[in-house]
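Asker: Dropping the sequence and predicted coords here.
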Amino acid sequence: MNPVNYLYLAALLFTIGASGVLIRRNAIIVFMCVELMLNASNLALVAFSRLHGNLDGQIMAFFTMVVAAAEVVVGLAIIVTLFRSRHSASVDDASLMKL
Amino acid sequence: MESLIGLLVGAPLLGAAVLLCGGRRLDRAGHWLGTALAASSFVIGLLLFADMLGEETEQRAMHQHLFSWIPVNGFQADVAFQLDQLSMTFVLLITGVGTLIHLYSIGYMEHDERRRRFFGYLNLFLAAMLLLVLADNFLLLYVGWEGVGLASYLLIGFWQHKPSAATAAKKAFLVNRVGDVGLSIAIMIMFTTFGTFAFGPVFEATGETSEGKLTAIGLMLLLAACGKSAQVPLQSWLGDAMEGPTPVSALIHAATMVTAGVYLITRSGAIFNAAPDAQTVVVVVGAVTLLFGAFVGCAKDDIKKALAGSTMSQIGYMMLAAGLGPIGYAFAIMHLVTHGFFKAGLFLGAGSVMHGMNDEVDMRRYGGLRKYMPVTFVTFGLGYLAIIGFPGLSGFFSKDQIIEAAFAKGGTQGWILGSVTLLGAAITAYYMTRVMALTFFGEKRWSETGKDAVHPHESPKSMTIPMIVLAFGSVFAGGLFKWNESFVHWLEPVTQFEHGHSPLSATAVTSMTVVALVIGVGTAWLQYGRRPVPAVAPRGSLLTRAVRRDFLQDDLNHVALVKPGEYLTRGLVYVDHKLVDGVVNGTAATVGGASGRLRRVQNGFVRSYAVSMFGGAAVLVAATLLMRAV
Amino acid sequence: MSAATTADAAAASTVELAGSLAASASTTSTGEALQFWVLGTVAVLGALGTVFLRKSVHSALSLAGTMIILAVFYLANGAYFLGIVQIVVYTGAVMMLFLFVLMLVGVTAEDSLKETIKGQRWMAALCGLGFGVLLIGGLGNASIKTFSGLEEANADGNVFGLARLIFTKYVFAFELTGALLVTAAVAAMVLTHRERVERRSTQREMAEVRVRENKHLPPLPAPGVYARHNAVDIPGLLPDGTPSELTVNPTLRSRGQVRDVSAEALESLAALEQRTGEALGREEPGEPEAGPDSNPGGDPGGDPGRNSGGNAGNADPDRAKEKTK
Amino acid sequence: MSFPLLTAVAVLPAAGAVATAAVPAAQRTLAKWLALCVSLATVVLAAVVLVRFDPDGDRYQLTESHAWIADFGVRYELGVDGIGAVLVALTAVLIPFVILAGWHDADTADDEKTAETPGRRWRPTQGFFALILAVEAMVLISFLATDVFLFYIFFEAMLIPLYFLIGGFGDRAHQHGEEEASRQRSYAAVKFLLYNLAGGLIMLAAVIGLYAVTADQLGEGTFSLQAITEARANGELDMATGTERWLFLGFFFAFAIKAPLFPLHTWLPNAMGESTAPVAVLITAVVDKVGTFAMLRFCLGLFPEASEWATPVVLVLALISIIYGALLAVGQRDIKRLIAYASISHFGFIILGIFAMTSQGQGGATLYMVNHGLSTAVLMLVAGFLISRRGSRLIADYGGVQKVAPVLAGSFLVGGLATLSLPGLAPFISEFLVLVGTFSRYPVIGIIAAATIVLAALYVLVLYQRTMTGPVKAGIEGMADLRVRELAVAAPLIALLIFLGVFPKPLTDIVNPAVEHTLSDVRQHDPAPDVEAAK
């Protein structure tokens, strides 16, 4: 099997995740889509590491995971506070930056 | 001796400075100071005159170089004076008559609280006028030229509270400015042609350039002269200028300033001699103005305006003579001087009459005044005889010479000019007789009772003495000058006199002049002396009415210049505001609107920002791929 | 070291479980190809589900599925450690965190997929497609035929290899991530922590307030008064059958999770009337409604008496009982 | 190294500005006196410069040169040539009168502030005079800078204080009341700022372009005027025709806005009309001169060929400005706007003289800058005194002033006569030189320009007649004549006008050599008179 397939898959997932970020209004789902994108990139990294035969790619993926974890924590905290303040998890409701 | 020349100008200038900046504390003595300085300037003039007579005919011209005025590389203008016979003639006339009129004004302006300033202006005028005639280059002359313009502006508008006076002053200055444009352009042409505008070098170099340039210069100088000397077509201001106090009319608008044009043309005779076309134009202008002024003089009921018309006409004579070239210059100046005497005398007389008649100027409200103000009557009468050219009086000699010279021009031109001058003489006699009759003869058309009651009385000494002196001048000056051609020879070094060959003998011309005079006087006497004169002017024929309005000159200007000008400026103001400024503000508005629309893109929705981010990322990827591909 | 070995062991076992043979081999077996195509499809479906399912819980679950599949792919690609981490940390911890928050925000809250921002969806589609096409096109001209394999890299264990790199080459980054995690934890606490500024008011005080404001002097009605339901999210009915929002917990109200059953309650009442009417063999149905004007001369107050008393009197109990079932 | 005289000249007012701004709120009067003394001290320094300047010495004197932004070849280079010297003198001389005339201009604002904020954190009086001094400092620097970039910086920076002077301390007299006045003020201020910033922006592009060209051809780029002119002279630097023309246009545009040239003039009437008379004088008599000065020094000095190429257009535009400004002045109903349009006409003369490319023209233009500064100062400041008495800018509200306030009327008349360039007053000389200089190369333009002196007489005399003569209008009766302070403003300026009108030699001696240098930059010579040409 052509190793590039993994990359194709990664690209596909990444794109899907991105479109999800753009389409969904629910902050949590948007956030999940971000996670999806991160995972897609991780897949690509892992595949790269196998392609090149060294572990640096996996290290990158590892760091990505760590950072993702941190990001999730903070992000979810933000969502919760957001929800508390305006009783809704819709990203469109937090549109005070207009004009 | 030369060093005194500067003082000629300096004395009155000092007077002006002191009187204008001095403040109220000078109110009591100010007029005496002004008169004294004018007189001192006259005395200096006499000293220089005596000194000049001592010299040889050829060495008489004096120079005084004060300092370098405007030194810019090629362009060198100096403040330097040149006192030759021509200038000397003017100096004596200006300072002499000027002093007399200062004296006269002391009495005339007695009740005016701004008398100090009046004398300041008079001194300023003297200084400027002397600068004009003493300058040794055209640029300095230009300074004097505009200086007298300023002085006349200030003096015409002296009674500024009268709107009519203010307007007249403005008008005078503006019309003069038109002439000044001519003078400045003439100077520019001189500079580009000769590289200088000092009298000597320019006049010497006339031979080295084309006639066309000289004609251009000549015409421009003529334009200037027309403005200053109220010649057609720039004559319209002189009549209104009579709004000023009478002494002003006498000094500036009769004796001295208005004759500056004649001085200019005589002075630059060298240029005109080399430019016959320009000369012809000068002659034509002179002839036209001669008749124009004469007609106007016939129609006016305002005594000063009648005299103003006559001034125009007399200066027309001078212009004409000056236009004749070397055969005329001397006579032009001679007539100028004699005219200075008798016209000043006449104006002072008129002023004295007005003084006695509560400043009434309408001659139709005078009449039979000879009994009430004898001195005025006599002096005015002598002036009258002089101006109409009564044989033996000064006007006779000078005018007769001019008529002769006009015939001497030769050819049809000569005949035309001669007859015009003769006609002018007749008309002069006519309107002056009219003035005389209306004012001093006939039954009185005023009442000593009623609301506008007047009590005619003789004027104080300070006014009558100058009149008497001037009367003497107007009686004897001509004869003195004519005495074995003394005046002509006196001026010859400057204006190189040559005898014209008249087709008619001198006696013939003289007799014709006398005939014309008799005709004029006779008709006028029949019309005004015998029959009673209506106190209110009859409507008169169309021509009369036209002439009363200076041949509709002002209406013409109004229609041709003032109205269009007003519309033009209004239109331009609108254009500037709407169009020029509109473009600017329009641009600003466009930018503002555009950014306002662009602002809507910032809708605050995270997701639309995300879209643009993602799109940007896509573009970047595309770019990198393209880079690869290329 | 021991941790590493155990991890390796775990990894190995998982590899068996994943059925990926010779994962670290430079060549890919047909088995792996099969696995890729099958699981890949599922992963894509899961991703799509994440994006397009309306209930957030479902999205979360499908995402979790995708992640697990990815974990399998990691293992198949010889990233044993990451595979395990993916499952344990990501699918285990992170997704659970997501679910917690979901619960907090409201499980049933489903956001309509209807787009509110003009043109957003089209732009999104365009960008997504464009991006995907570009990426895939870009990968299209990559000419990679074979893996170079991870044998020597994973020679003494994948975890060992990673550890060597982490603690040598990437040690600073590692430290930084540590700092990052601590910061994140603190940040989360700070963000979610709510400072109580004033003393919590006691029950008595609240009662006094109510008296002062003179509203709801009695305690708020409990849900399920006159109700056939007694779930907390269903408002009790007032005597006239209309629901009373007051009976429901404000949180639910604010989430809009109040289920309104008044309508069905009312119609079930009507149905009851109906059936009782039939049971009593009443001729003209709907007579009680027409009552007042149908028989003006009829004995007034008869109906109610009959309704109540008669009903009670000769109603068949078991019939009624099985009716109510 | 010697004492940095030029720096001192510029720094003194700057320091004065800071000091004035720092004066505590309570002492308004102290601030005023401080500003006045500083400006007088600047006059002394400027006089020293004038004395130390040797007309026959080399072109730029008292030069200072220090590396500033070495990476971009920007240097702090000061130097004074004849033209700069007289303009420095003009600026230094005018500022004290501006300050003296504006003695009470900030009081109203100050009182209001005091009323609404007793704490008086904001100190209008101090601000007003500090801003004036700041403008002076910047103008002086831009007259002295021989480094294009240095010049540019201050050319732009002087907009900021002026913006506040116009907007913050504008004229409160307006026929439609206070708030209309303030609206007009802010409009004028913004317009002034945007207009000039637009010009400056384009100039910045040109400046950078210049750097690029020099960097391209001389190895390392430079902004130094002398370096560039030398390089041009000895052929090291040879710009492509197109490049040079674009750069020239970039510079010229900015300068044409600053020294309002039709059709870029419309900011001036607003700015002058809405600001108080002293500020208006500051704008038209001092700041705008930077524009014309820069045309002479930078446009001609840096881009000779392009200047020659552009000459016809510029001359026509200048001629249009002359006539257009005069006609619009005739049409104005607002005294200050009238003076503004008159200034536009005069700037037309200056630009005409500069681009006539003759020594008379350019010498005349330089003198014109000085004389126009003086004459406008007299006219505008006296008009300001008049307006401050009556509280209206409309000509129609005046009449018969000379009856109640003869001295005021007199000095107004003198200012007016200077504006119509009456012989004997300074402006005549410059105007005539410009006319002669133009005529000797472009006779037609010269004649048309000469004809406009009639228009000048028209608008001045009409203004004088309507305001000063005639019967005394209502509201004029009690009008006080010039006070001592006001007389102290008007009299010296008038004296200066007369003196320079009679004896301009001191100025011409300084200016002539500089003009020669400029002409040699553009490789032009005066046309010889026909008579000598014939020989």
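Answerer: Nice, thanks for sending it over.

Asker: List the residues that contact residue 17.
Answerer: Assuming you mean chain A. Going by CB atoms under 8 Å, 6 or more residues apart in numbering or on different chains, A:Gly17 touches A:Cys33, A:Val34, A:Glu35, A:Leu36, A:Met37, A:Ala40, C:Ala47, C:Thr50, C:Val51. Bear in mind the C-beta positions are built from the backbone N, C-alpha and C, glycine included.

Asker: oops, I was thinking of chain D
Answerer: D:Ala130, D:Leu131, D:Leu133, D:Ala134, D:Ala137.

Asker: Buried among the residues you listed? Need that as a selection in PyMOL.
Answerer: Buried residues among those (16 or more other CB atoms under 10 Å in any protein chain shown), as a PyMOL selection:
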select buried, chain D and resi 130+131+133+134+137
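
Asker: Pick the one among the contacts of D:Ala17 closest to chain A.
Answerer: Nearest to chain A among these, counting by CB to the nearest CB, is D:Leu131 at 35.0 Å.

Asker: Check what pLDDT that closest one gets.
Answerer: For D:Leu131, the pLDDT comes out at 93.

Asker: which residues sit against the longest strand seen in chain B?
Answerer: Using DSSP state E to define each element, chain B has its longest strand at strand B:62-72. Outside of strand B:62-72, the residues within contact range by CB under 8 Å, 6+ apart are B:1-3, B:5-6, B:48, B:52, B:76-84, B:136, B:139-140, D:359-360, D:363-364, D:429, D:433, D:502-505, D:508-509, D:511-512.

Asker: Just the residues you listed: which are in helices?
Answerer: Mapping the contacts of strand B:62-72 onto helices (DSSP state H) picks out B:3, B:5-6, B:48, B:52, B:139-140, D:359-360, D:363-364, D:429, D:433, D:502, D:505, D:508-509, D:511-512.

Asker: Considering only these, which also neighbour chain C?
Answerer: When the ones in helices among the contacts of strand B:62-72 are checked against chain C using CB under 8 Å from any CB of the partner chain, none falls in range.

Asker: For A:Arg50, the count of nearby residues, please.
Answerer: 28 (other CB atoms under 10 Å in any protein chain shown).

Asker: In terms of secondary structure, what does the strand or helix carrying B:Met129 contact?
Answerer: Per DSSP states H and E, B:Met129 falls inside helix B:115-134. Applying 3 or more CB pairs under 8 Å, 6 or more residues apart in numbering or on different chains; DSSP states H and E, one finds that helix B:115-134 contacts helix B:3-22, helix B:30-54, strand B:75-83, helix B:85-108, helix B:138-156, helix B:260-267.

Asker: Report the distance from the shortest one to the chain centre.
Answerer: Relative to its chain's centre, helix B:260-267 lies at 11 Å (CA atoms, centre = their mean, to the nearest Å).

Asker: after it, next one along is what?
Answerer: Going down the chain from helix B:260-267, the next helix or strand is helix B:269-273, by DSSP H and E.

Asker: Flag every buried residue along the next helix or strand after that next one.
Answerer: Next along the chain after helix B:269-273, taking DSSP H and E as the criterion, comes helix B:276-299. For helix B:276-299, burial by neighbour count (16+ other CB under 10 Å) applies to B:278-279, B:281-299.

Asker: Distance check, the residue of chain B found nearest chain A against chain C.
Answerer: Distance from chain A to each residue of chain B (CB to the nearest CB) is smallest for B:Gly604, at 2.9 Å. Computed as CB to the nearest CB, to the nearest Å, the B:Gly604 to chain C distance reads 10 Å.

Asker: Identify the residues contacting the residue of the stretch 301-450 of chain D found nearest chain A.
Answerer: Proximity of the stretch 301-450 of chain D to chain A (CB to the nearest CB) peaks at D:Arg337, 38.9 Å away. Contacts here follow CB under 8 Å, 6+ apart; on that basis D:Arg337 touches D:Pro269, D:Met272, D:Gly273, D:Arg393.

Asker: Do a quick rundown of the strands in chain A.
Answerer: According to DSSP E, chain A contains no strands.

Asker: Over to the stretch 501-630 of chain B?
Answerer: With DSSP state E, counting those that start in this stretch as the definition, the stretch 501-630 of chain B shows no strands.

Asker: Which helix in chain B has the most residues?
Answerer: helix B:163-194.

Asker: angle of it against helix B:260-267?
Answerer: 10 degrees (axes from the mean of the first three to the mean of the last three CA atoms, to 10 degrees).

Asker: Past helix B:163-194, which element shows up next along the chain?
Answerer: Following helix B:163-194 in sequence order, the next helix or strand is helix B:199-205 (DSSP H and E).

Asker: Can I get that following helix as CSV, trimmed to CA atoms?
Answerer: Presented in CSV, the C-alpha positions along helix B:199-205 are these (Å, rounded to 0.1, in the frame of the first residue of the first chain):
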residue,chain,number,x,y,z
PHE,B,199,17.0,108.5,-18.6
GLY,B,200,20.4,109.2,-20.0
PRO,B,201,21.4,105.7,-21.2
VAL,B,202,17.9,104.9,-22.5
PHE,B,203,17.6,108.1,-24.5
GLU,B,204,21.1,107.6,-26.0
ALA,B,205,20.4,104.0,-26.9
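
Asker: shaky segments in the stretch 251-400 of chain B?
Answerer: Scanning the stretch 251-400 of chain B for pLDDT under 70 picks out no residues.

Asker: And for chain D?
Answerer: Looking at chain D by pLDDT under 70, you get D:1, D:117-122, D:175, D:533-535.

Asker: biggest helix in it by residues?
Answerer: helix D:177-218.

Asker: hmm, the longest helix of chain B touching chain D?
Answerer: Yes: Helix B:163-194 is in contact with chain D by CB under 8 Å from any CB, via B:163, B:165-167, B:170, B:173-174, B:177-178, B:180-181, B:184-185, B:187-189, B:191-194.
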